[in-house]
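*Asks:* Below is the structure, and that's it, no one-letter string:
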């Protein structure tokens, strides 16, 4: 099944074809007018150099006019093997389709509203027959039944025609197109971008990325580089200021020789305030009692840190190198930003 981009916006077109798998581009004079295009021929030539297959309008009051316009556009330098001429369905239109097919050119007969119109286009040798599903539905037509009827006609009678599902308005239209068995559809970029989205896929992908991060990234690579340290001769108030400055709920307390005295946490602060009130603010950190510091070496993997967080139920772990404090690892550092 072919996938075309439906647009006349150069930025969108360049972005879309960077995907590498779109089969071609459909565009219309209406799209171009909306984008402020004034040099239609120049735009056509530019687009022909960007996309693998370009489907463009060939208009005229008679079949001869349509054929003349198609050949005029070819003379701009278009490759006939990479150009499809779009013709609105009409008696003159299907006659022009047959004439262009006799010239070896490709044709898309579009603006199809009935199976009778589709049959005439198929019988005239159209490479594509294109019902405008969204527009049909806007006008109260059973567009999906028409598309299915067109597909069935191709399959039953063996016409060498592809049914193109166009005027795509929302993601569900793609599901409809697949259910109908169409051969190709043309879709706006904003819809194409939604086709791979799924909440559960996102959850699963995030989990895989997180687990890979835990198994491959070291603590040093994950921590934010801040090293909140305060000397044992500082008081509790100094520790609060430092914790606030660094944005951690804990701070390393060191002795005069640089050795680790312990870790002072916001939990410790709450307990001290509850026991002794504001008088604790002036107390020296070196006079406090500390539990054995929970630490991890900086070259350890995050997997080990995750186990420590789970086992100890703390939010922050001291990071050391050769026993010296070099920073803090917050439990949020386990996750990618």
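*Replies:* Everything's here; your move. Every value quoted in this text rests on a predicted model; they were computed, and no experiment measured them.

*Asks:* residues in contact with residue 92?
*Replies:* 60, 61, 62, 63, 66 (CB atoms under 8 Å, 6 or more residues apart in numbering). Quick note: C-beta positions are derived from backbone N, CA and C, even for glycine.

*Asks:* Export those residues to TSV and append columns for secondary structure.
*Replies:* TSV is the format used below for these (DSSP: H, G, I helix; E, B strand; the rest coil):
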residue	secondary structure
60	coil
61	coil
62	coil
63	helix
66	helix
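
*Asks:* out of these, which are buried?
*Replies:* 60, 63, 66 (16 or more other CB atoms under 10 Å).

*Asks:* Now do the last one against residue 105, distance only.
*Replies:* Using CB to CB, to the nearest Å, one gets 11 Å for the distance from residue 66 to residue 105.

*Asks:* list the residues that contact both of those two?
*Replies:* In terms of CB under 8 Å, 6+ apart, residue 66 and residue 105 are both contacted by the residues residue 85.

*Asks:* Nearest to the middle of this protein, which residue? Look it up for me.
*Replies:* residue 193 (5.6 Å; CA atoms, centre = their mean).

*Asks:* how about the helices of the stretch 51-200 of the chain, start to end?
*Replies:* 63-74, 91-102, 115-123, 133-138, 143-157, 171-180, 189-192, 199-216 (DSSP state H, counting those that start in this stretch).

*Asks:* Quick check: which of the ones you listed is nearest to residue 28?
*Replies:* helix 133-138 (11.8 Å; CB to CB).

*Asks:* now the closest one: how far from the chain's centre is it?
*Replies:* Relative to its parent chain, helix 133-138 has a centroid offset of 27 Å by CA atoms, centre = their mean, to the nearest Å.

*Asks:* For it, buried residues please.
*Replies:* 133, 136.

*Asks:* can you list the residues that contact it?
*Replies:* With CB under 8 Å, 6+ apart as the test, helix 133-138 has contacts from 113, 143-144, 146-147, 165-169, 173, 176-177.

*Asks:* what's the answer for stretch 299-319, then?
*Replies:* Residues external to stretch 299-319 that are found in contact with it (CB under 8 Å, 6+ apart): 213-220, 222-223, 248-250, 252, 260, 263, 265, 293-298, 321, 325-331, 333-334.

*Asks:* Please indicate which of those residues are buried?
*Replies:* 213-214, 217, 219-220, 222-223, 248-250, 252, 260, 263, 265, 293, 295-296, 298, 325-330, 333-334.
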